[in-house]
Structure formats: C-alpha cells, structure tokens
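Asker: here is my input, please return the structure:
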Amino acid sequence: MYLMVAGTMSNVGKSTLVMALCRYFTRKGLNVAPFKSQNMSRKFINIQNGKGKIAIAQYVQAIACEKEPTMEFNPILIVPKEGKTQVYFMGEFIDYLTSERYMFDSKEKLFAQIRDMLEKLSKNHDLVIIEGAGAFVEPNLKDSEIVNLRVAKSVGAQVILVSDISRGGAFAQVAGTIELMDNKEQKLLKGFVFTKFHGDKSLLKDAPQILAKRYSIEYLGTVPYFENKIPDEDLLTKKEGEIALNDKAQIIKEIDRITDFIIEHIDISKIERIISEGM
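Answerer: Numbering: from 1, shown residues only. Now for the predicted structure:
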C-alpha cells in the first residue's frame, strides 16, 4: 500500500508530516518504509559504512520507522554546487548536470528503476509512505518529473496534500493544485492538511470543510506552527538545541514528541480510512 504526502510548494512541512505518519503507523504495529525518489539537498549523511549517502530527512524518517537507513529510501540524491547539480543514484555519482538539463530530461531509465524499487518496498512492507518534492503538479514538468504526480500515478498511491497556511494563499494553493490535474489524476488526491498555523483555529471558520466538499476530498486538519530540534535539510545553519543525528535515542524521543503533537491536530482516523480504502 502506498500513501503519498505531497506539497503545494516547497518547505510546507512534507518531511515532518511523513516522519510523524511513519512513526504513528510503526507504533501501531505496521511495517512501514519511507520513500522519496529524489531529494535535492546540500545536507546528506553517509550510510552503510560510507558506501552510500541519503538526505537527512529520509534518514530521520527511517529512524521513525525503526529501520536501518538505506539508499532504497532515497535513491536519487541531488547536491547543488556552483550552479550545477551533482546527481547520485544509489550512492554512485552519475553526472554533473545543470539544473535545467536535469529537470527537463525525460529520465525514463531512472523512472523505471524507481518504479521497480517501489514495487519491492511494497512487497516487503505493509505501508510505503512516499514524500513528494516541491509542488505536486507543475504543468511544464508533468512529462519529465520523477518525484510527484508521475510517481503517484505509476503506483496508484493515495495522495494527501500539504499547504503552509502561515504565508497566506493556502486555500488557493490547494484549489489550484487540483485544477491543474485532469479528472483521473484528481481521483488520486484524498485530502489536505494545513500546516504552520499561527493563532486561533476558529478563525478559519468552516472554510476548510467547504473547500473539501467542493472537490469531494477530506479536510484532514490544521497543524499549528511549532519548533523542533531535528536537523533541517533546508537550513544551512544549526538550530538552537539541535540534536546530533548520531544520537538516535534523543532523535527518536523528539520524533515521538512531534508525532504526538501532529496527531493531536489532524484527524488520523480519516488518514487510516484513506489507507484502508487503497488496499
């Protein structure tokens, strides 16, 4: 079974929600694996005795699943450097490309390998939680991307959308994302979550429910803004009180705290139903 957590744009909190769902369903007794086909990050960690490298988000998500981090959880690592990107597949350096060339190349060989990996992960786990990257739908990239809608379509994943409400425009971002999909693609999308909310949630009134009803999907909740001490792959500086990645005992304690907080603010029963309907 596949569940995808996609975003209306970058930095909306996808990685954190994936981590929390990985932890929640692992604690419920499911055999869970995280997956992100490609991650662009200057922050990565060497694993498997230095034979490979994955982004730190998938490293932490693997810990949440109580799994040894492997490259199968993040097969493509893209490291931006001086206007170009270093592309690694399963820890092996592939090429040194411009961002434009990588984004618009068809990447069919990589896409086929990603589908094979997802199939293997699904055979060996009860639930594979896939993280998208950036915006779930970019019309100009629909035929060449290998991390969002094409991946969801290829495996028939149930998709939930994440939108950062702290910056304004979250309702329009959810609606706009849906409008960019055709009818068949829209059926993959099952619900949405707002994140990083500041203030009194009653101010939202019933607007989220009305938006959900308009598109026949679920409103899954609004998560207030909160700080955490887990290293962030998008920050070049350390957070105050940041926990070292090799301190797994403290990392898992922080994951549990974050998971409890997020689950308190979303309707997890709806997500459980979405997953069961996809089986």
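
Asker: rest of the way, CA atoms for contacts and neighbours
Answerer: Noted.

Asker: can you verify residue 96 is assigned to a helix?
Answerer: No. Read with DSSP: H, G, I helix; E, B strand; the rest coil, residue 96 is strand and lies in no helix.

Asker: is it in contact with residue 86, as I believe?
Answerer: Yes. Counting by CA atoms under 8 Å, residue 96 does reach residue 86; the two are 4.7 Å apart.

Asker: just the helices in the stretch 101-250 of the chain please.
Answerer: With DSSP state H, counting those that start in this stretch, the ranges of helices along the stretch 101-250 of the chain come out as 108-124, 149-155, 170-179, 183-186, 207-214, 248-265.

Asker: nearest to residue 72, out of the ones you listed?
Answerer: helix 108-124 (6.9 Å; CA to CA).

Asker: which ones are touching the nearest residue to residue 75 once chain neighbours are set aside?
Answerer: Spatial nearest neighbour of residue 75, chain neighbours left out: residue 90 (4.8 Å); criterion: CA to CA, 6 or more residues apart in numbering. By CA atoms under 8 Å, 6 or more residues apart in numbering, the residues touching residue 90 are 52-53, 71-72, 74-76.

Asker: reformat those residues into a markdown table and put distance to residue 275 next to each item.
Answerer: Formatted as a markdown table, those follow (distance: CA to CA, whole Å):
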| residue | distance to residue 275 |
| --- | --- |
| 52 | 31 |
| 53 | 30 |
| 71 | 25 |
| 72 | 22 |
| 74 | 22 |
| 75 | 24 |
| 76 | 26 |
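
Asker: any stretches of this protein with poor pLDDT?
Answerer: For the chain, residues meeting the criterion pLDDT under 70 lie at 98-106.

Asker: same thing but 50
Answerer: Within the chain, the set of residues satisfying pLDDT under 50 is empty.

Asker: for it, which strand is longest?
Answerer: strand 189-197 (DSSP state E).

Asker: specify the angle between that strand and helix 207-214 in degrees.
Answerer: 170 degrees (axes from the mean of the first three to the mean of the last three CA atoms, to 10 degrees).

Asker: which helices and strands sit right next to strand 189-197?
Answerer: Secondary-structure packing of strand 189-197 (3 or more CA pairs under 8 Å, 6 or more residues apart in numbering; DSSP states H and E): strand 158-164, strand 218-224.

Asker: and the gap between the most centrally placed residue in the chain and residue 3?
Answerer: Residue closest to the average C-alpha location in the chain (CA atoms, centre = their mean): residue 131, at 2.5 Å. As judged by CA to CA, to the nearest Å, residue 131 and residue 3 stand 9 Å apart.

Asker: what do you get for residue 58?
Answerer: 15 Å.

Asker: who has more neighbours, these two?
Answerer: Set side by side, residue 58 and residue 3 show more neighbours around residue 58, with 27 against 24, by other CA atoms under 10 Å.

Asker: mind listing what the more buried one touches?
Answerer: Residues counted as contacts of residue 58 (CA under 8 Å, 6+ apart) are 34-36, 69, 73-74.

Asker: same list, these, but as a markdown table with secondary structure and distance to residue 253 please.
Answerer: Output for those, formatted as a markdown table (DSSP: H, G, I helix; E, B strand; the rest coil; distance: CA to CA, whole Å):
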| residue | secondary structure | distance to residue 253 |
| --- | --- | --- |
| 34 | strand | 19 |
| 35 | strand | 22 |
| 36 | coil | 23 |
| 69 | coil | 18 |
| 73 | helix | 22 |
| 74 | coil | 23 |
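
Asker: buried ones among these?
Answerer: 34-36, 69, 73-74 (16 or more other CA atoms under 10 Å).

Asker: which two among the residues you listed are spaced furthest apart?
Answerer: The most widely separated members of the buried ones among the contacts of residue 58, counting by CA to CA, are 36 and 69 (12.6 Å).

Asker: what's the closest of the helices of the stretch 101-250 of the chain to residue 62?
Answerer: With CA to CA, the closest approach to residue 62 among the helices of the stretch 101-250 of the chain belongs to helix 248-265: 10.5 Å.
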